[in-house]
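# just need the structure, nothing else, for what follows:
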Amino acid sequence: MKQLQLALITLLAALNFYACADDEPSLPPSQPTTTGADGAFVLNQGNMYDGIAGTLDFLDFSTDAYTSGLFLQANGVQLGDTPQAGVVYGSRLYVAMYGSNLVWCIDAASGRIVRQIAMPSPEGICAADGYVYVSCNDGYLARIDTLSLEADAKRLEVGPNPAGVCSANGSVYVAISDGYNYANDYANGFRVVRVNTSDFSKQAEIIVGMNPNIVQADAQGNIFAVCQGNYGMGTTEVKPEVWKITPDNSASTFVPATSIAVRENTLYTIYNYTNYTTNESTLNYRAYSCETGAVLKENLLSLNDLPAAPISIFVNPDDGHIYVTGDRSVYDYNSPGYVYRYAPDGSLVKRYDAGSHPFAVVFK
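Numbers count the residues shown, from 1 in each chain. Below is the predicted model:
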């Protein structure tokens, strides 16, 4: 589901929620926009177990100004517990707040609250065809109408502990992790559910590897699902790997990775794997061809400027700059972390001071 190092925090998050601000009136509907030209939002998860709330930061590309705690400054209230993912759709940013059991709808220009939408333990989020789709840890996919800003009464059952979602090919793809069933090797996961956006119905169940969580699409409509394996804690070790799903629903193993980002037809990866039985670790950064799986760049980032404790990787669709979020050190979930920005050639542009456990970058 997520990196094992977050498991205790995530389990606790499932049992709690954060009290948030009142709803505000809805605005005109969001429309799809090109992202990545104006800036990037950074979601810092904080640490609910130690009472550290999540935060929302913003990096303005026109000035290179990094604003910490944007949400708190704009609204006078904390963001909440365990932000998982976000998506910019039209003029709004939608943020899935796992521990707070809600989705924030935020004006992307000002950071001010537009509305809060109740949602049980939301995790993955994407947008398509006038809706924002949200995977909920209770086993359902929900959708929010971007005109009314109301969640559909209908929720679609997809499977235990759904995680990442993405849209492509007139569909939404949902990774089914069965992430809390580690004692039984995530037996009820091993699949990505394809949902038709035209009628919000289940279209297919596609078999993939163990414990899928991240899903992303390339320019050709191929889907890449990161399957995290069992962290070396099963009877037989199952290492992380990416599966590739073609538009006709064929699926096969592709490359090793624990975090991915896709831009056009290039797959950018972090392989940050620890076998928690032997405590042996491996870390590398690579770029692959989405078509063939061939390695395009063996050492993606400058070897002299690597993050100390990387979490996730993102690539700006506008200019190809690479962003890696990271903690200050391994197993330090409380101290402020960093966002590393690299040029397309892998050279470090700048390191920004972020909040506690920076988890996601959302381009505007």
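
# any idea which element Phe71 lies in?
helix 70-75 (DSSP states H and E).

# right, and Asp196 touches Gly170 too?
Quick fix: residue 196 reads Asn, not Asp. Yes. Contact criterion Cβ atoms under 8 Å: Asn196 and Gly170 qualify, at 6.9 Å. Heads up, the C-betas are built off the backbone N, CA and C, glycines and all.

# ok, the helix or strand containing Phe58: who's next to it in the sheet?
Using DSSP H and E, Phe58 sits in strand 55-60. Strand 55-60 pairs in its sheet with strand 39-44 (antiparallel), strand 65-67 (antiparallel), by DSSP bridges.

# so which of those strands is nearest Gly229?
strand 39-44 (25.0 Å; Cβ to Cβ).

# where exactly do the helices run in this structure?
7-13, 70-75 (DSSP state H).

# rank the ones you listed by mean pLDDT and give me the bottom one.
Mean pLDDT per stretch puts helix 7-13 lowest among the helices of the chain, at a mean of 35.

# quick revisit: tell me which of the strands paired with strand 55-60 is the most buried.
strand 39-44 (a mean of 26; mean count of other Cβ atoms under 10 Å).

# pLDDT on it, on average?
98.

# ok, now how distant is Ser312 from Asn44?
12 Å (Cβ to Cβ, to the nearest Å).

# quickly list what's touching both of these two.
Common contacts of Ser312 and Asn44 (Cβ atoms under 8 Å, 6 or more residues apart in numbering): Phe359.

# quick check, pLDDT for Ala360.
For Ala360, the predicted pLDDT is 98.

# again with Thr235
Predicted confidence (pLDDT) for Thr235: 90.

# for this structure, which spans come out with low pLDDT?
1-34 (pLDDT under 70).

# okay, which residue is most central for it?
Ala85 (4.6 Å; Cα atoms, centre = their mean).

# quick one, what contacts that one?
43, 95-96, 123-125, 164, 360, 362.

# out of those, which is nearest to Val255?
Checking those one by one against Val255 (Cβ to Cβ), the nearest turns out to be Gly164, at 17.1 Å.

# right, and that closest one touches Ala217 too?
No. Look at Gly164 against Ala217 with Cβ under 8 Å: they stay out of range, at 11.2 Å.

# neighbour-wise, which of those two wins?
Gly164 (25 against 20; other Cβ atoms under 10 Å).

# just grab the bridge partners of Glu280 for me.
Applying DSSP bridges, one finds that Glu280 bridges with Asn275.

# what's the distance between it and Pro307?
For Glu280, the distance to Pro307 - Cβ to Cβ - is 20 Å.

# now Val330
Here Val330 is placed at a distance of 11 Å from Pro307 (Cβ to Cβ).

# who's more crowded, those two?
Ranked by neighbour count (other Cβ under 10 Å), Val330 and Pro307 place Pro307 first, with 22 against 13.

# contacting residues for the closest residue to that one other than its chain neighbours?
Spatial nearest neighbour of Pro307, chain neighbours left out: Gly326 (3.5 Å); criterion: Cβ to Cβ, 6 or more residues apart in numbering. Residues in contact with Gly326 (Cβ under 8 Å, 6+ apart) are 307-311, 337-340, 358.
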